[in-house]
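Undergrad: After the sequence you'll find the predicted model.
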Amino acid sequence: MKQILIVLLIALVSACASKPPEAISKDPPENLTLTRVRMDIDSYIGSEVRWGGVISKVENKADRTWIEIIRLNLRDNGRPITSGKSDGRFIASFDKFIDPVVYETGRPLTVVGVIDGKVSQPIGEYDYMFPIVAVEGSFLWKRRVAAPVYPYPPPWYYDPWYYDPWYPHPWHRHRHPHYW
């Protein structure tokens with residue numbers, strides 16, 4: 001009986017473990033940061049990365065699509081931590097058409113691929129050097145919807161069926177003279 005409980009407990013705990021989706025499950029041996037790569041992009045060409053963040057811009061070209069991503073740290077399952085701090089931007093290069101309506105601005109995206117080159121593009125009036133990641137696998141995450149917040153009832157609300165002997169109501173004066 002004890003062994004069955006242990007097996008069931010292990011199965012329950014392993015079912016709760018969060019695995020990355022198959023498309024982005026390949027974790028590169030060296031965890032390169034965008035800051036490190038941007039210092040000398042040419043020396044990291046061909047290096048494998050698993051980066052993610054939120055989509056900033058989708059640009060469809062004749063034979064490929066470039067998605068500009070604001071890079072964020074990833075959770076263990078590969079999902080970007082959208083409340084975190086960014087260390088820069090990169091371009092995810094897909095060799096197919098990507099619909100900008102589906103891959104809309106602000107959606108979390110994680111990509112796996114190799115650094116393929118660099119390109120300088122303006123962000124406002126600033127020329128920014130983007131590393132280009134040739135995408136081998138990607139996962140577009142669903143937006144998380146915040147749970148509704150239910151406020152406390154207004155101060156004038158009173159539930160006539162709620163009884164609390166310590167609550168100072170006018171008909172409790174004889175019980176709580178120190179309240180009046």
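TA: It's in.
Undergrad: okay, residue 28: pLDDT?
TA: pLDDT, residue 28: 85.
Undergrad: brain fart, residue 75
TA: Looking at residue 75, its pLDDT is 89.
Undergrad: what's the burial count for it?
TA: When neighbours are defined as other Cβ atoms under 10 Å, residue 75 has 14 of them. From N, CA and C alone the C-beta is placed, and that goes for glycine too.
Undergrad: Leaving out chain neighbours, which residue sits closest to it?
TA: Leaving aside its sequence neighbours, residue 75 sits nearest to residue 81 (Cβ to Cβ, 6 or more residues apart in numbering; 6.0 Å).
Undergrad: count of neighbours near that neighbour?
TA: 13.
Undergrad: What of residue 113?
TA: Residue 113: 23 surrounding residues under other Cβ under 10 Å.
Undergrad: With the one 5 residues further on instead?
TA: Here the number of neighbours of residue 118 (other Cβ under 10 Å) works out to 17.
Undergrad: That one: helix or strand, and which one exactly?
TA: strand 108-123 (DSSP states H and E).
Undergrad: Distance check, residue 90 against residue 54.
TA: For residue 90, the distance to residue 54 equals 12 Å [Cβ to Cβ, to the nearest Å].
Undergrad: low-confidence ranges in this structure?
TA: Applying pLDDT under 70 to the chain flags residues 1-20, 152-180.
Undergrad: thinking again about what came up before, tell me who's in contact with the residue nearest to residue 75.
TA: Contacts of residue 81 were listed using Cβ atoms under 8 Å, 6 or more residues apart in numbering, and they are 72, 73, 74, 75.
Undergrad: Mind checking which of these are in strands?
TA: Here DSSP state E is the test, and those give residue 72 as lying in strands.
Undergrad: residues contacting the spatially most central residue of the chain?
TA: Most central in the chain under Cα atoms, centre = their mean is residue 80, positioned 3.3 Å from the mean C-alpha point. Contacts for residue 80 (Cβ under 8 Å, 6+ apart) come out as 52, 53, 54, 72, 73, 74, 108, 109, 110, 141.
Undergrad: circling back: buried sites along whatever helix or strand comes next after the strand holding residue 118?
TA: Downstream of strand 108-123, the next assigned helix or strand under DSSP H and E is strand 126-140. By neighbour count on 16 or more other Cβ atoms under 10 Å, the buried set for strand 126-140 is 130, 131, 132, 133, 134, 135, 138, 139, 140.
Undergrad: And stretch 25-41, by the same measure?
TA: Buried, per 16+ other Cβ under 10 Å, within stretch 25-41: 32, 34, 37, 38, 41.
Undergrad: Save those as TSV, and put in distance to residue 148 too.
TA: Output for these, formatted as TSV (distance: Cβ to Cβ, whole Å):
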residue	distance to residue 148
32	40
34	35
37	41
38	40
41	45
